[in-house]
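A.B. asks: Build the 3D model from these lines:
(2 chains)
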Protein chains: 2
Amino acid sequence: MKLIQSRDNAFFKQLKRLAESGRERRKAGQTLLDGLHLVEAWETHRAPVEQLVVAESALAGGEIAAYVGQRDCTVLADSLMRELGIVETPSGLLAIVETPVPAASPDVHADAVLLDGVQDPGNLGSLIRTAAAAGVRQILLSPGCAAAWSPKVLRAGQGAHFVVNVHEELDLEHFMTVYCGVTVVTCLADSTSLFDVSLDGPLAWVFGAEGTGVRPALVEIAARRVRIPMPGAVESLNVGAAAAVCLFEMVRRRNVMPAEGQGAGIS
Amino acid sequence: MKLIQSRDNAFFKQLKRLAESGRERRKAGQTLLDGLHLVEAWETHRAPVEQLVVAESALAGGEIAAYVGQRDCTVLADSLMRELGIVETPSGLLAIVETPVPAASPDVHADAVLLDGVQDPGNLGSLIRTAAAAGVRQILLSPGCAAAWSPKVLRAGQGAHFVVNVHEELDLEHFMTVYCGVTVVTCLADSTSLFDVSLDGPLAWVFGAEGTGVRPALVEIAARRVRIPMPGAVESLNVGAAAAVCLFEMVRRRNVMPAEGQGAGIS
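C.D. replies: All right, here's what the predicted structure looks like:
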């Protein structure tokens, strides 16, 4: 266990670069997990964490101290931990981990969520979490999306990153063209109600950036266009809310509709 | 039209206080709307805006300049507009408006969304937007929630605030006790699948803070406890995503189920 109190320390300087710069994280092939929940999720789904960084005060007691126990870790003075500025309220525990790379190319036969230009880190993390909860195992991101493995997106994902394959900088148009299931895009024009459209799978859902929505070129080639009926005086949803409605309508149908010889429908 | 270039200007100082301090906004009974979308939504649903503030560069052309036209406004040097720091990317247009107060007490016969301790401004705004889109007209906030009329929550709400009644600092336990419809809480223990539970209305949905969830005292008195079935390896959703799934399941049922003599069911 080593205590760092100086901002001139080489390890601290490298940690700060990792915290602040996406380019640095890509160069190092590493990212930072903030908080016990994320660190434990990583260890459950991926591998033991090799590099732990703990704020001095967090070692005094509580769940982080209990987790760290006798493990090897680097201790940072609290002021240095705050200076990293990774998230608004740092938990006091960080892990440095190797950024995962997807095992293989995206699967053109499995369910997928495609995100087009989603730049807000909180939205992106929440979308990955929602997709994972709905049982979708691959998330495909266009070049315009936020970096999926940044500490802020990881925090919003709450560990969902570790149970799915996240493909970044992907050509969504190409994937949609070769996809063997049904591509579905949410849009207003020429669309069918989500509640009336066939959702027999596999499905590739395409959700777009707030404001601009899905690029016309992608809307053009989608097999189905759906809209979420909104009885209120507000005409659109946050992209995370819209995706949740769509993906859990898929979950509901698969729960209640007789599927491929199972026939356990309750409706 | 008046140009302000000095941070010592009295109007700028008051604007900065309104931007930074919830206490100041309460004292003045005013709040700030950032961006053309919010300002136009206010004028559509509420009243003409009396005090407009525009960044100098935004007057050079584009949609804000077109909107402002010949209207009376105060112009701020761009550096001053940035210094207000209301949202991460200021639009260049602000309106100062009177903070609305709900017309009356909450309606115990109508649908409602109750939020218990939702502190994140983005989540709170998005929840108000989702509720409004689903046709719910009243949102009730516990004392632990973020201030609904803060500029950040307004921005995330995208104008939804203006078409609903937002009741702040409300005793949710009391409301649930006197509510004449069915109170529904999302939780894991002793709960029924959202897709199997009766959702005959009126309904008062209770959603809780991330992490801690709805307080046990409220779970205890809810008429129904529901859970969202999650087939994936992730066991929870962001509160905004969970609320979207629940509220639009209600919308779907009302769309497809024969309701009170209408009988226009498609299922």
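
A.B. asks: Point out the residues in the stretch 51-200 of chain A that sit beside chain B.
C.D. replies: Residues of the stretch 51-200 of chain A lying close to chain B by C-beta under 8 Å from any C-beta of the partner chain are A:122, A:126, A:129-137, A:156, A:158-160, A:163, A:193, A:195-196. Yep, even glycine has a C-beta here, placed from its N, CA and C like the rest.

A.B. asks: Buried only: go through these for me.
C.D. replies: Taking 16 or more other C-beta atoms under 10 Å in any protein chain shown as the criterion, what is buried in these is A:122, A:126, A:129-137, A:156, A:158-160, A:163, A:195.

A.B. asks: Packing partners of whichever strand or helix holds A:V219?
C.D. replies: Per DSSP states H and E, A:V219 falls inside helix A:216-221. Helix A:216-221 is packed against helix A:172-178, strand A:182-186, with contacts defined by 3 or more C-beta pairs under 8 Å, 6 or more residues apart in numbering or on different chains; DSSP states H and E.

A.B. asks: CSV for those, including mean neighbour count and distance to A:Q5?
C.D. replies: Shown next, in CSV, are those (neighbours: other C-beta atoms under 10 Å in any protein chain shown; distance: least, C-beta to C-beta, whole Å):
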stretch, mean neighbour count, distance to A:Q5
helix A:172-178, 16, 47
strand A:182-186, 22, 51
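
A.B. asks: got any ranges where the stretch 151-267 of chain A has weak pLDDT?
C.D. replies: Scanning the stretch 151-267 of chain A for pLDDT under 70 picks out A:256-267.

A.B. asks: For it, which segments count as helices?
C.D. replies: Using DSSP state H, counting those that start in this stretch, the helices of the stretch 151-267 of chain A run over A:151-157, A:172-178, A:216-221, A:239-256.

A.B. asks: I'd like these written out as a markdown table, with distance to B:G232 added.
C.D. replies: Shown next, in a markdown table, are those (distance: least, C-beta to C-beta, whole Å):
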| stretch | distance to B:G232 |
| --- | --- |
| helix A:151-157 | 13 |
| helix A:172-178 | 21 |
| helix A:216-221 | 25 |
| helix A:239-256 | 9 |
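
A.B. asks: Now the helix holding A:V219 - C-alpha only, CSV.
C.D. replies: What follows is helix A:216-221, C-alpha atoms only, in CSV (Å, rounded to 0.1, in the frame of the first residue of the first chain):
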residue,chain,number,x,y,z
PRO,A,216,-32.4,9.9,-42.9
ALA,A,217,-30.1,7.4,-44.6
LEU,A,218,-30.7,4.9,-41.8
VAL,A,219,-34.5,5.6,-41.6
GLU,A,220,-34.6,5.0,-45.4
ILE,A,221,-33.3,1.4,-45.2
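
A.B. asks: now that helix, how far from the chain's geometric center?
C.D. replies: 24 Å (C-alpha atoms, centre = their mean, to the nearest Å).

A.B. asks: for that helix, which positions count as buried?
C.D. replies: Residues of helix A:216-221 classed as buried: A:218-219 (neighbour count, 16+ other C-beta under 10 Å).

A.B. asks: Provide the secondary structure category for the closest residue to chain B within the stretch 1-150 of chain A.
C.D. replies: Of all residues in the stretch 1-150 of chain A, A:G135 sits closest to chain B, with a separation of 3.7 Å (C-beta to the nearest C-beta). Following DSSP: H, G, I helix; E, B strand; the rest coil, we place A:G135 in the coil state.

A.B. asks: quick one: A:R155 and B:G208, what's the gap?
C.D. replies: Per C-beta to C-beta, to the nearest Å, A:R155 is found 19 Å from B:G208.

A.B. asks: Could you do A:L18 as well?
C.D. replies: 34 Å.

A.B. asks: Could you do A:E169 as well?
C.D. replies: Taking C-beta to C-beta, one finds A:E169 at 37 Å from B:G208.

A.B. asks: same thing with A:Q5?
C.D. replies: 40 Å.
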